[in-house]
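J.: Build me a model:
(2 chains)
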Number of protein chains: 2
Amino acid sequence: MSTVTIIGTGNMAQAISGIVSKAGGTAQLLGTEDFATPVAGEIVVLAVPFPAVDEVIAQRPGQLDGKIVVDITNPLNFETFDSLVVPADSSAAQEIAAQLPTARVLKAFNTTFAGTLAAGTVGPLTTTVLIAGDDTAAKEQLAGIVRAGGLNAVDAGALKRAREMEALGFLQLTLAASEKISWTGGFGVVA
Amino acid sequence: MSTVTIIGTGNMAQAISGIVSKAGGTAQLLGTEDFATPVAGEIVVLAVPFPAVDEVIAQRPGQLDGKIVVDITNPLNFETFDSLVVPADSSAAQEIAAQLPTARVLKAFNTTFAGTLAAGTVGPLTTTVLIAGDDTAAKEQLAGIVRAGGLNAVDAGALKRAREMEALGFLQLTLAASEKISWTGGFGVVA
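T.: Got it, this is the predicted structure:
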């Protein structure tokens, strides 16, 4: 099974680490202060807030080349909770891919709260992780881990679909912040 | 109970008509060729494809003033199935509101397939209708009908959130068209 490096130590990092472990893989959890430790995984999950991504990339010149890099961010303006900070016709994932032209960038995990990743369920449904990206083999590798970890995975299309996934993540965050849904709820996927 | 005029005769129009009837309201179903028949409802649902909306509005000068006008469209480029035809920083609902400055425009029903509106369920979940708009009383009036019709309704925020709802609707359509989900499935909402 794969080794997955997870950069970040918050609740999303912990939940994704749990999925990797359940799948029989090895999770390498690195804080952003651990930049002297090389990434061991062929998959690297950037489990940090969007404003911290640039620093993580800058701290690891060349280390992400050729890797499957997973962007999980919801690039909200957290002051207004009323817009995203990326251009309207782009997405955090596409901005990151432009910075890492040799990496195989995927968008995943941004449409599922940490609670539903950790529990493996959202209400009566198995939690579904949507995965967008331009590299089919990379998507299948991540989907395999997600499924072996007990969750569903759905191929959401090309990396440009990250824009719609980030809109969904944004909407879901506004619904939870306004108490229309709970942090253990949200959008589930019915096949 | 309210009278709801539904312009359009497709499966979405039929499903919304069914909800109004279940709620004890009166549904006035009008085809686009019925433009000589005045709208009877205080709520008018534009249940036509986005490219047909301009014509419906042009056919009814002044008739939509002051009405609650419900936009249900997903303004996809149906040739490519790869983008929306509205500006990236806007939405069909906002474009329609700009054309109807005295109407109380709401976005609703675009994140639920006709099958889940008609059944009242999406998998094990009660179908949830997201409603965005700038007029709280209008949102509450529509939500009341939806709930009396046996579905859940959730206030998704200001009309500008239509942009994210249309992204969700777009993503959901691409998943169904690529057979990742069925037309009786899709995104359910877990509170």
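
J.: Tell me how many other residues crowd the closest residue to residue A:158 other than its chain neighbours.
T.: Excluding its sequence neighbours, the residue lying closest to residue A:158 (C-beta to C-beta, 6 or more residues apart in numbering or on different chains) is residue A:134, at 5.5 Å. From N, CA and C alone the C-beta is placed, and that goes for glycine too. By other C-beta atoms under 10 Å in any protein chain shown, the residues close to residue A:134 number 14.

J.: now swap in residue A:45 and tell me
T.: By other C-beta under 10 Å, the residues close to residue A:45 number 28.

J.: go on, residue A:1?
T.: The number of residues packed near residue A:1 is 12, by other C-beta under 10 Å.

J.: For chain B, see how far away the nearest residue to it once chain neighbours are set aside is.
T.: Excluding its sequence neighbours, the residue lying closest to residue A:1 (C-beta to C-beta, 6+ apart) is residue A:25, at 4.1 Å. Distance, residue A:25 to chain B, by C-beta to the nearest C-beta, to the nearest Å: 24 Å.

J.: same check, this time on residue A:15
T.: Residue A:15 sits 17 Å away from chain B, going by C-beta to the nearest C-beta.

J.: Which pLDDT value goes with the one residue sitting closest to the centre of chain A?
T.: The residue lying closest to the centre of chain A (C-alpha atoms, centre = their mean) is residue A:72, at 2.3 Å. Per-residue pLDDT puts residue A:72 at 98.

J.: How about residue A:21?
T.: Residue A:21 carries a pLDDT value of 98.

J.: Over to residue A:1?
T.: For residue A:1, the predicted pLDDT is 70.

J.: Touching, the residue nearest to the centre of chain A and residue A:108? I think so.
T.: Yes. Under the criterion of C-beta atoms under 8 Å, residue A:72 makes contact with residue A:108 at 6.4 Å.

J.: tell me the secondary structure for residue A:112?
T.: coil (DSSP: H, G, I helix; E, B strand; the rest coil).

J.: And it, how far from residue A:126?
T.: Residue A:112 sits 11 Å away from residue A:126 when distances are taken as C-beta to C-beta, to the nearest Å.

J.: higher neighbour count, those two?
T.: residue A:112 (26 against 15).

J.: Now the more buried one. Nearest residue, chain neighbours left out?
T.: Nearest to residue A:112 is residue A:127, by C-beta to C-beta, 6+ apart, at 5.6 Å.

J.: Quick check, residue A:152 in contact with residue A:129.
T.: Yes. If you go by C-beta under 8 Å, residue A:152 and residue A:129 touch, sitting 7.0 Å apart.

J.: which neighbours do those two share?
T.: Here residue A:152 and residue A:129 have residue A:146 as joint contacts, going by C-beta atoms under 8 Å, 6 or more residues apart in numbering or on different chains.

J.: Settle it for me: which of the two has more neighbours?
T.: Between residue A:152 and residue A:129, counted using other C-beta under 10 Å, the more crowded position is residue A:129 (26 against 17).

J.: quick one: average confidence on the helix or strand hosting the more buried one?
T.: Assigned by DSSP states H and E, residue A:129 belongs to strand A:128-133. Strand A:128-133 comes out with an average pLDDT of 98.

J.: what does the very next helix or strand once past it rub up against?
T.: Scanning forward in sequence from strand A:128-133 by DSSP H and E, the next helix or strand is helix A:136-148. Here helix A:136-148 makes contact (C-beta under 8 Å, 6+ apart) with A:1-2, A:4, A:19-20, A:22-25, A:43, A:68, A:70, A:104, A:106, A:108, A:129, A:131-133, A:152-153, A:155.

J.: Show me what counts as buried in helix A:136-148.
T.: Going by neighbour count (16 or more other C-beta atoms under 10 Å in any protein chain shown), the buried part of helix A:136-148 is A:138-139, A:141-143, A:145-146, A:148.

J.: Pick the one among those closest to residue B:8.
T.: Closest approach to residue B:8 among the buried residues of helix A:136-148 (C-beta to C-beta): residue A:139, at 37.3 Å.

J.: so who does the residue nearest to the centre of chain A touch?
T.: Residues counted as contacts of residue A:72 (C-beta under 8 Å, 6+ apart) are A:12, A:16, A:45-47, A:107-110.

J.: In helices, which of the residues you listed appear?
T.: A:12, A:16 (DSSP state H).

J.: Looking at the contacts of helix A:136-148, which are in strands?
T.: Per DSSP state E, strands hold the following members of the contacts of helix A:136-148: A:4, A:43, A:68, A:70, A:104, A:106, A:108, A:129, A:131-133, A:152-153, A:155.

J.: Among those, which ones lie close to chain B?
T.: Taking C-beta under 8 Å from any C-beta of the partner chain, the overlap between the ones in strands among the contacts of helix A:136-148 and the neighbourhood of chain B is residue A:155.

J.: can you put the ones in strands among the contacts of helix A:136-148 in TSV and add distance to residue A:55?
T.: TSV is the format used below for these (distance: C-beta to C-beta, whole Å):
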residue	distance to residue A:55
A:4	21
A:43	20
A:68	21
A:70	17
A:104	21
A:106	20
A:108	21
A:129	26
A:131	25
A:132	24
A:133	23
A:152	33
A:153	29
A:155	30
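
J.: got the buried residues for the longest helix along chain A?
T.: The longest helix of chain A (DSSP H) is helix A:162-177. For helix A:162-177, the buried set under the neighbour-count rule, 16+ other C-beta under 10 Å, comprises A:162-176.

J.: which of these come close to chain B?
T.: By C-beta under 8 Å from any C-beta, the members of these lying near chain B are A:163-165, A:167-168, A:170-171, A:174-175.

J.: Among those, which pair sits farthest apart?
T.: Checking those with C-beta to C-beta, the most distant pair is A:163 and A:175, at 19.1 Å.

J.: Could you tell me which residues of chain A lie near chain B?
T.: Residues of chain A lying near chain B (C-beta under 8 Å from any C-beta): A:82, A:87-89, A:122-125, A:154-157, A:160-161, A:163-165, A:167-168, A:170-171, A:174-175, A:178, A:180-182, A:185-191.
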